[in-house]
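Visitor: predicted model and sequence below, questions to follow.
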Amino acid sequence: MSENPFHEVIEKQYYSIAEVAEMFSESPTVLRFWEKEFTELRPRKGSHGNRMYSHKDIEYVKIIHYLVRQKKYTLSGARDKLATGILEINRTLLLREKLEKIRGSLLEIRNKL
């Protein structure tokens, strides 16, 4: 059975706080706290006050999550790192994601052998 070429996944322009919290295995409370701690993270708010995270906001959450949860920075240390080295952090994250994909592919190949 062939795939329908007209059926494409449409990415959303904005994501709810619950969706973003699930992406990073965090609670919405943590994301709201990070908003207060990091001036770069400013999701829009809808007419009812619900947060709407753009792709840019999600990138900031990804960076903050990486620094705080994986690299074990304090919040002030993560703020300082964000202020001085966002390009370096982005490069590191992209490289890490690519390497994880390659590792997954290699493990898949090994399991098939």
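Guide: Sure thing, it's come through. Computed from a predicted model, the values in this text were never measured in an experiment.
Visitor: how about the residue nearest to the spatial centre of the chain, what does it touch?
Guide: Relative to the mean C-alpha position of the chain, the nearest C-alpha, by C-alpha atoms, centre = their mean, is the one of residue 62, at 3.0 Å. Each residue near residue 62 by C-beta atoms under 8 Å, 6 or more residues apart in numbering is listed here: 24, 93. The C-beta positions use only the backbone N, C-alpha and C, and glycine is treated the same way.
Visitor: what helix or strand is it located in?
Guide: Using DSSP states H and E, residue 62 sits within helix 55-65.
Visitor: give the buried residues for that helix.
Guide: Using 16 or more other C-beta atoms under 10 Å as the test for burial, helix 55-65 gives 57-65.
Visitor: in a markdown table: those, plus distance to residue 94.
Guide: Shown next, in a markdown table, are those (distance: C-beta to C-beta, whole Å):
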| residue | distance to residue 94 |
| --- | --- |
| 57 | 18 |
| 58 | 14 |
| 59 | 11 |
| 60 | 15 |
| 61 | 16 |
| 62 | 10 |
| 63 | 11 |
| 64 | 16 |
| 65 | 15 |
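Visitor: which pair in those residues spans the largest distance?
Guide: 57 and 65 (12.3 Å; C-beta to C-beta).
Visitor: okay, helices next: where are they in the chain?
Guide: 17-23, 28-37, 55-65, 75-112 (DSSP state H).
Visitor: and the shortest one, C-alpha only, in CSV?
Guide: I take that to be helix 17-23. Only the C-alpha atoms of helix 17-23 are listed here, as CSV (Å, rounded to 0.1, in the frame of the first residue of the first chain):
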residue,chain,number,x,y,z
ILE,A,17,1.9,24.6,28.0
ALA,A,18,0.7,21.1,28.5
GLU,A,19,2.0,20.0,25.2
VAL,A,20,5.4,21.6,25.8
ALA,A,21,5.6,20.2,29.3
GLU,A,22,5.0,16.7,27.9
MET,A,23,7.7,17.2,25.2
